[in-house]
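Participant: Here's my sequence, what's the structure:
(one chain, ligands or ions: 1)
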Amino acid sequence: MTSGEIVIVGAGPAGMRAAITLARAGRRPIVLDEAPSSGGQVYRRPPPAIRRDAGALYGFEGRRATELHRAFDVLKGDIDYRPGTLVWNATDTRLHLLAEGRSRTQSWGRIILAPGAMDRIVPLPGWTLPGVYTLGGAQVALKAQAVGIGARVVFFGTGPLLYLVACQYAKAGIDVRAVLDTAPGLASLEALPGLIRGGRTFLKGLHYVSWLRMRGVRIASGVRPVEIGAGADGAVSGFRFERPGGREAFVECDAIGFGFGLKSETQLADLLGLDFAFDHRQRQWLPVQDADGRGSVPGVYLAGDGARVRGADVAELAGERAALAVLADEGEGAHRSRMAALGARIARAEPFRRALDEIAFPFPVELAREVPGDVMVCRCEGIDAKTIRNVAAASGTVDINRLKAFTRLGMGRCQGRVCAPAATEILAAAAGVPVEAVGRLRGQAPIKPMPLSALAEASS
Ligand SMILES: Cc1cc2nc3c(=O)[nH]c(=O)nc-3n(C[C@H](O)[C@H](O)[C@H](O)COP(=O)(O)OP(=O)(O)OC[C@H]3O[C@@H](n4cnc5c(N)ncnc54)[C@H](O)[C@@H]3O)c2cc1C
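Facilitator: Numbering: from 1, shown residues only. This is a model prediction of the structure:
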């Protein structure tokens, strides 16, 4: 039974593979993506003026990226692909879109949410200085615009992206002054049994680290940030940190890339009323899904990092699986064995992911809980850490949405997408409760910044 338009939000590996699967089955899905071209974060295509071959752009993933782009492009006549289209609100029957500065709507009968993930950050002294970027932001500058964030760069944080972006910068000829990881040095050894299960992906990680070492890039583990220093011009001048054991060090640089893994983009799932559950491993509330990627609301499916951060390969598998679930729910039952095979492949990737999230690159919870009082946490609304602690103490609140009502935290342009991981940890620590007890910031439309004129147009 067909029940209206099949819409896919996101044209990264998950959304592209879902669209390819549906198009090959004779459907014509609508693919909405705010980016100007398909590929998502990992297979991002540069603007036409920048000519670089797939190897230079995507490294080890060159062949995979080329194959996926080719398969998607070949089917373009069978896919209603709409780049440059932001989905800023979702109701049970309609999506609200922003395209070319204008607001419009799109009905949906079934929807696959594949909006990917974003950087997870912990604020530290100096993080709002000019010259400080997230790791993802630093990578986008290089991939999409062929520019670096600075001439002498320090990369700081934890996670696979830390080493990958440092490598990409060093290969582009930029002076990478240091790669500083908050994860303890022996963590990778402890994680080894799980990491080995990652096969090729693990080997790529090893390659990045050894490549950086061979080029003489300073790499340190178990570091604790002290501050990002400012020069006379008010921009980044260096990075001060503590080594394990407490000795302080300072590295001069003119830009910093930092981040602590990724967090799923879940606002659309929230607006569509999906059930959520707290995921202890990724320390985030995530939409609940069944074994085939169905959300708790009929007609809503989940795939890729937007459902759970598991990397590009799993995103693609989950995209295909969600598309097959759509077909199965429309009465095409011939895909059962393929769906089971996809499920088995996704499950095989779990031990590797667990080793990454829990042991090799854990989120630095203490760092987040102990953000110094005068450090800005919500930069959109100007809320620092001591305000969160003071309001928690004065009001006795243990609910992040009540904190939002008291302080305006999370009400600005980013709608809490940037500040929520740290703010929830700070509130939980202040209230003396586990982080899941403070809840999650509820998604609100518009989920991303948009012109007021388009908002006015939408409401008229
Ligand atoms: C900044 C960043 C850099 C990364 N770099 C790498 C890397 O170099 N190598 C690697 O292996 N992995 C990298 N990753 C992880 C990798 O991108 C993901 O594992 C993989 O891309 C997940 O695929 P996906 O399809 O789920 O999401 P994505 O590839 O993130 O695609 C999601 C798509 O949804 C679109 N979208 C999101 N919200 C909306 C909305 N509301 N309306 C319309 N469109 C929307 C986005 O524009 C995007 O194109 C990176 C992740 C991030 C966040």
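Participant: and the stretch 1-150 of the chain, which of its residues are near the ligand?
Facilitator: The stretch 1-150 of the chain comes close to the ligand at residues 9-15, 32-35, 40-42, 86-87, 114-119, 136, 139, as judged by CB under 6 Å from any ligand atom. For the C-beta atoms, the positions are set from N, CA and C on the backbone; glycine is no exception.
Participant: From what I see, Ala315 and Pro13 are in contact.
Facilitator: Yes: between Ala315 and Pro13 there is a contact at 4.4 Å, judged by CB atoms under 8 Å.
Participant: overlap in contacts of these two?
Facilitator: Residues within reach of Ala315 and of Pro13 at once, by CB atoms under 8 Å, 6 or more residues apart in numbering, are Gly40, Gly304.
Participant: so what's Gly259 bridging to?
Facilitator: Counting by DSSP bridges, Gly259 forms beta bridges with Gly157.
Participant: measure it to the ligand for me?
Facilitator: Gly259 sits 8 Å away from the ligand, going by CB to the nearest ligand atom, to the nearest Å.
Participant: Please give me every residue in contact with that residue.
Facilitator: Asp119, Arg120, Ile121, Thr134, Leu135, Gly136, Gly157, Gly159, Leu161, Leu162.
Participant: Tell me the buried residues within the residues of the stretch 1-150 of the chain next to the ligand.
Facilitator: Listed as buried from these are 9-15, 32-35, 40-42, 86-87, 114-119, 136, 139; burial here means 16 or more other CB atoms under 10 Å.
Participant: So which of the residues you listed belong to helices?
Facilitator: Pro13, Ala14, Gly15, Gly136, Gln139 (DSSP state H).
Participant: Excluding chain neighbours, what is closest to the fourth one?
Facilitator: Put plainly, it is Gly136. Asp119 (4.4 Å; CB to CB, 6 or more residues apart in numbering).
Participant: cool, the third one as well?
Facilitator: Once its chain neighbours are removed from consideration, Gly15 has its nearest residue in Ala114; the separation is 3.8 Å (CB to CB, 6+ apart).
Participant: quick one on the thing from earlier: farthest pair in the ones in helices among the buried ones among the residues of the stretch 1-150 of the chain next to the ligand?
Facilitator: Gly15 and Gln139 (19.6 Å; CB to CB).
Participant: re earlier: restricted to strands, list the contacts of Gly259.
Facilitator: Asp119, Thr134, Gly157 (DSSP state E).
Participant: Could you pull up the residues touching the first one?
Facilitator: In this case it means Asp119. Thr134, Leu135, Gly136, Gly137, Gly259, Leu262, Lys263.
Participant: Helix or strand: which one has Arg51?
Facilitator: For Arg51, there is no host helix or strand (DSSP states H and E).
Participant: The closest residue to the ligand within the stretch 251-400 of the chain: neighbour count?
Facilitator: Closest contact between the stretch 251-400 of the chain and the ligand, by CB to the nearest ligand atom, is at Gly304 (2.2 Å). The number of residues packed near Gly304 is 35, by other CB atoms under 10 Å.
Participant: Could you name the helices and strands sitting against the helix or strand of the chain with the lowest mean pLDDT?
Facilitator: Between all helices and strands in the chain, the lowest mean by mean pLDDT, DSSP states H and E belongs to helix 54-58, at a mean of 76. Contacts defined by 3 or more CB pairs under 8 Å, 6 or more residues apart in numbering; DSSP states H and E place helix 54-58 against helix 62-74.
Participant: what about dumping the CA coordinates of the helix it packs on to CSV?
Facilitator: Output in CSV follows, covering the C-alpha atoms of helix 62-74 (Å, rounded to 0.1, in the frame of the first residue of the first chain):
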residue,chain,number,x,y,z
GLY,A,62,38.0,7.9,-2.5
ARG,A,63,36.7,4.8,-4.3
ARG,A,64,33.7,4.4,-2.0
ALA,A,65,32.8,8.1,-2.3
THR,A,66,33.1,7.9,-6.1
GLU,A,67,30.9,4.8,-6.3
LEU,A,68,28.2,6.2,-4.1
HIS,A,69,28.2,9.6,-6.0
ARG,A,70,28.0,7.7,-9.3
ALA,A,71,25.1,5.5,-8.2
PHE,A,72,23.2,8.5,-7.0
ASP,A,73,23.9,10.6,-10.0
VAL,A,74,22.9,7.9,-12.4
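Participant: Listing partners with orientation, what would you give for whichever helix or strand comes after that helix?
Facilitator: Following helix 62-74 in sequence order, the next helix or strand is strand 80-82 (DSSP H and E). Strand 80-82 has the following strand partners under DSSP bridges: strand 30-32 (parallel).
Participant: what about the strand it pairs with, distance to the chain center?
Facilitator: 20 Å (CA atoms, centre = their mean, to the nearest Å).
Participant: Please name the residues that touch Met118.
Facilitator: Contacts of Met118 by CB under 8 Å, 6+ apart are Gly136, Leu262, Lys263, Glu265, Arg417.
Participant: what pLDDT does the closest residue to Ala318 other than its chain neighbours get?
Facilitator: Leaving aside its chain neighbours, Ala318 sits nearest to Ala303 (4.2 Å; criterion: CB to CB, 6+ apart). If you check Ala303, the pLDDT there is 98.
Participant: how many other residues sit next to Ala303?
Facilitator: Neighbours of Ala303 (other CB under 10 Å): 32.
Participant: Settle this for me: it is touching Leu113, isn't it.
Facilitator: Yes: proximity of Ala303 to Leu113 meets the contact threshold set by CB under 8 Å, at 7.3 Å.
Participant: what's the distance between the closest residue to Ala146 other than its chain neighbours and the ligand?
Facilitator: Leaving aside its chain neighbours, Ala146 sits nearest to Ile50 (5.2 Å; criterion: CB to CB, 6+ apart). Plainly put, Ile50 is 16 Å away from the ligand if you go by CB to the nearest ligand atom.
Participant: Then Asp78?
Facilitator: Counting by CB to the nearest ligand atom - Asp78 and the ligand are separated by 20 Å.
Participant: What of Arg240?
Facilitator: Computed as CB to the nearest ligand atom, the Arg240 to the ligand distance reads 26 Å.
Participant: before we move on, what about Ile426?
Facilitator: 23 Å.
Participant: and that residue, that one's in a helix?
Facilitator: Yes: counting by DSSP: H, G, I helix; E, B strand; the rest coil, Ile426 is part of a helix.
Participant: which residues of the protein score low on pLDDT?
Facilitator: Scanning the chain for pLDDT under 70 picks out 1-3.
Participant: now check the top helix by length along it, is it near the ligand?
Facilitator: Identified as the longest helix of the chain according to DSSP H is helix 312-329. Yes: counting by CB under 6 Å from any ligand atom, the ligand has neighbours in helix 312-329: Ala312, Ala315.
Participant: picking that back up, export the contacts of Met118 to TSV and tack on secondary structure?
Facilitator: Shown next, in TSV, are these (three-state DSSP):
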residue	secondary structure
Gly136	helix
Leu262	strand
Lys263	strand
Glu265	coil
Arg417	coil
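Participant: would you list the residues you listed in JSON lines and tack on distance to Arg348?
Facilitator: Converted to JSON lines, the contacts of Met118 look like this (distance: CB to CB, whole Å):
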{"residue": "Gly136", "distance to Arg348": "27"}
{"residue": "Leu262", "distance to Arg348": "21"}
{"residue": "Lys263", "distance to Arg348": "24"}
{"residue": "Glu265", "distance to Arg348": "25"}
{"residue": "Arg417", "distance to Arg348": "31"}
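Participant: Perfect, that will be all.
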